[in-house]
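> Got a sequence here, can you model it:
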Amino acid sequence: MLMEMKALCANRLSNFSSLFRGTLCITRTRLTFPENLLGQAKLAFSSGNESFNTTVVPPTLLAAEKEEAKSVLSLFLKKQGLSKVAAAKTITKSDLFINHLVSRLHSVHKSRYLVGKELTTLEIRNTLIPYIESLLVEHGNSVVNFVENFPIIPVKDKPAVSVSQPGSSLDSKKQKAVSRMIEVGAVGDLQPHFLYLLELGMDLEQIKLATSRCPSFAYYSLEGRIKPLVEFLLDLGVAKSEIPKILVQRPHLFGLSISGKIIPIMLYLEDMGVDKKQWAKVILRSPGLLTHSRQKLQAVVNFLNEVGLSGDSIGKALTRFPKIVTCSVEDNLKPVNKFFYEKGFSVEEVKSMVSTFPSIYSYSLAESLVPKWEFFLTTGYSKLALVKFPQYFSYSLEQRIRPRFALVKELGVKIGLNRMLAVSFCDFEKVLEISRKNMLADELSSCPKSK
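A predicted model of the protein is given here:
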């Protein structure tokens, strides 16, 4: 498949200039825009959508989500240079902003909540972190004031709380790139890059975030790089609606040569066992996969070989969790293995856990694996339960694990980790009810019958 696509791509690249000359429309969809499009884009960026009715969210879940939002905000503030104490003080002053984050979470994932499906900790963070980072691009040094005084936008010349900034030259490059991308021309026309990205379905916030993450993105050739890669992804089966997500996550990808860089990496990964029929899903899970060097990929493959995986097992791991290639072997992968070995898990058990749930390497030892393991030791479940269901480590300790274990303990029933954690709260209540009835039935059947 890829060899055919490589030939097709070479032909497409040679004809793109004439094919697209004189038009800004995507070949698959032609859209028309109102004259005041830029103003509408800015309005959409500033207004947001928080119409979701929070009454459909159980109070306990709502409280847990606020705690998770606080955790995300705390990590962001520390990343900007605030001390632990300063970050905590800012969060205590930011109740309205915390509520805003939770409301945004509900709006983005409205359909999930309406059918009773809760979000995992990773999903919550993947929603909130890019949004908070976009606020840094928008407000710069004033971002802390913005958080504390939300929804009031801070005055630009007001002294802001000191936040350590990257090098001024880098900031200047980001600001220049963002300005280049969204500025209006002398006759009031929109920039070709900006218009094309709007046609793809991106909003102003996403365009700013992608450009700030990769200032070079504003200078990539629209006809020679961006459009050809969009078409390439569509040919692989990626939905057009998913392209903006890829652009935001990894704008660097759109500066790479398809025939010179991307296809050779894909062929190499197919040799390693990645399912060629799953490329659309793989790229959506980790757009950065295609930006890494073969040396980086080989280092991860060598590590998985050491764990005991080989052949199809490695291919399945890379297909299910392609982000594993972004993990450092020395700083991420080896410490996780060492942790489980020290807790008494055998080499075969760790191999089984990694094969079933390679995402386990994405979780922080200090912030996730250690506290969840320590709590697990209090539950009375055997290590075998974790070997069978390592996805236990993917759930929030405070939001899901601890409260559900408490209910199970209170009712005195026995439920496997999978049935306890992998279902929505409504389905979990049904599981408890069925388990309780079965337990009572067993107790009645074991009682001696009266004569």
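> Run a quick neighbour tally on the residue lying closest to Asp275 once chain neighbours are set aside.
Nearest in space to Asp275, with sequence neighbours left out and distances taken as Cβ to Cβ, 6 or more residues apart in numbering, is Thr319 at 5.0 Å. To be clear about C-beta, it is placed using only N, CA and C from the backbone, and glycine gets the same treatment. Residues near Thr319, counting by other Cβ atoms under 10 Å, number 22.
> what separates the helix or strand encompassing Thr319 from the chain centre, distance-wise?
Secondary structure from DSSP states H and E places Thr319 in helix 312-320. Here the centre of helix 312-320 is set off from its chain's centre by 20 Å, with Cα atoms, centre = their mean, to the nearest Å.
> so for that helix, what's the average pLDDT?
Here helix 312-320 scores 86 as its mean pLDDT.
> and that helix, what does it pack onto?
helix 279-285, helix 294-307, helix 347-356 (3 or more Cβ pairs under 8 Å, 6 or more residues apart in numbering; DSSP states H and E).
> Could I get the buried residue list for that helix?
Neighbour counts over helix 312-320 (16 or more other Cβ atoms under 10 Å) mark Ser313, Ile314, Gly315, Lys316, Ala317, Leu318, Thr319, Arg320 as buried.
> What of stretch 91-103?
For stretch 91-103, by 16+ other Cβ under 10 Å, it's Ile91, Ser94, Phe97, Ile98, Asn99, His100, Leu101, Val102, Ser103.
> ok, now how distant is the second one from Ser134?
Going back to what we said before, that points to Ser94. 17 Å (Cβ to Cβ, to the nearest Å).
> Next: the fifth one.
In this structure, Asn99 and Ser134 are separated by 18 Å, where distance is defined by Cβ to Cβ.
> what does Thr92 give?
Taken as Cβ to Cβ, the span from Thr92 to Ser134 is 24 Å.
> returning to that earlier point: format the CA atom coordinates belonging to the helix holding Thr319 as PDB.
Extracted in PDB, the C-alpha atoms of helix 312-320 (Å, rounded to 0.1, in the frame of the first residue of the first chain):
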ATOM      1  CA  ASP A 312       3.700  -9.200  16.500                       C
ATOM      2  CA  SER A 313       3.700  -8.300  20.100                       C
ATOM      3  CA  ILE A 314       5.900  -5.200  19.400                       C
ATOM      4  CA  GLY A 315       3.700  -4.300  16.400                       C
ATOM      5  CA  LYS A 316       0.600  -4.500  18.600                       C
ATOM      6  CA  ALA A 317       2.200  -2.400  21.300                       C
ATOM      7  CA  LEU A 318       3.200   0.300  18.700                       C
ATOM      8  CA  THR A 319      -0.200   0.200  17.100                       C
ATOM      9  CA  ARG A 320      -2.100   0.500  20.400                       C
END
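> Name the residues that touch that helix?
269, 272-275, 278, 281-282, 301, 304-305, 309, 324-325, 354-355, 358-359 (Cβ atoms under 8 Å, 6 or more residues apart in numbering).
> Buried only: go through these for me.
The buried subset of the contacts of helix 312-320 (16+ other Cβ under 10 Å) comprises 269, 272-275, 278, 282, 301, 304, 309, 324-325, 354-355, 358-359.
> Tell me where the protein has strands.
Counting by DSSP state E, the chain has no strands to list.
> The residue most central in space within it and Glu67, how far apart?
When Cα atoms, centre = their mean is applied to the chain, the residue found nearest the centroid is Asn126 (3.5 Å). Taking Cβ to Cβ as the measure, Asn126 falls 17 Å from Glu67.
> ok, now Met353?
28 Å.
> Mind checking which of those two has more residues around it?
Each of Met353 and Glu67 had its neighbours counted (other Cβ under 10 Å), and the higher figure belongs to Met353 (23 against 13).
> if I pick that one, what's in contact with it?
Shown in contact with Met353 (Cβ under 8 Å, 6+ apart): Phe340, Phe345, Ile360, Leu386, Val387, Pro390.
> what's the neighbour count on the first one?
It stands for Phe340. Neighbour tally, Phe340, other Cβ under 10 Å: 22.
> Quick check: it touching Val350?
Yes - Phe340 is in contact with Val350 according to Cβ atoms under 8 Å; the separation is 5.0 Å.
> one step back: reformat the helices and strands packed on helix 312-320 as CSV; add mean pLDDT.
As requested, the helices and strands packed on helix 312-320 are exported to CSV (pLDDT from 0 to 100):
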stretch, mean pLDDT
helix 279-285, 92
helix 294-307, 89
helix 347-356, 93
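> would you list those in TSV and tack on distance to Gly380?
Below are the helices and strands packed on helix 312-320 laid out as TSV (distance: least, Cβ to Cβ, whole Å):
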stretch	distance to Gly380
helix 279-285	35
helix 294-307	29
helix 347-356	19
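> closest one to Glu199 among these?
helix 279-285 (20.1 Å; Cβ to Cβ).
> That closest one - contacts with which helices or strands?
Using 3+ Cβ pairs under 8 Å, 6+ apart, helix 279-285 sits against helix 227-236, helix 243-249, helix 312-320.
> what are the ranges of the helices in the stretch 151-300 of the chain?
Taking DSSP state H, counting those that start in this stretch, the helices of the stretch 151-300 of the chain run over residues 168-182, 192-200, 204-213, 227-236, 243-249, 263-271, 279-285, 294-307.
> mind giving me CSV with those and columns for distance to Tyr219?
Below are those laid out as CSV (distance: least, Cβ to Cβ, whole Å):
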stretch, distance to Tyr219
helix 168-182, 7
helix 192-200, 9
helix 204-213, 10
helix 227-236, 15
helix 243-249, 15
helix 263-271, 23
helix 279-285, 23
helix 294-307, 25
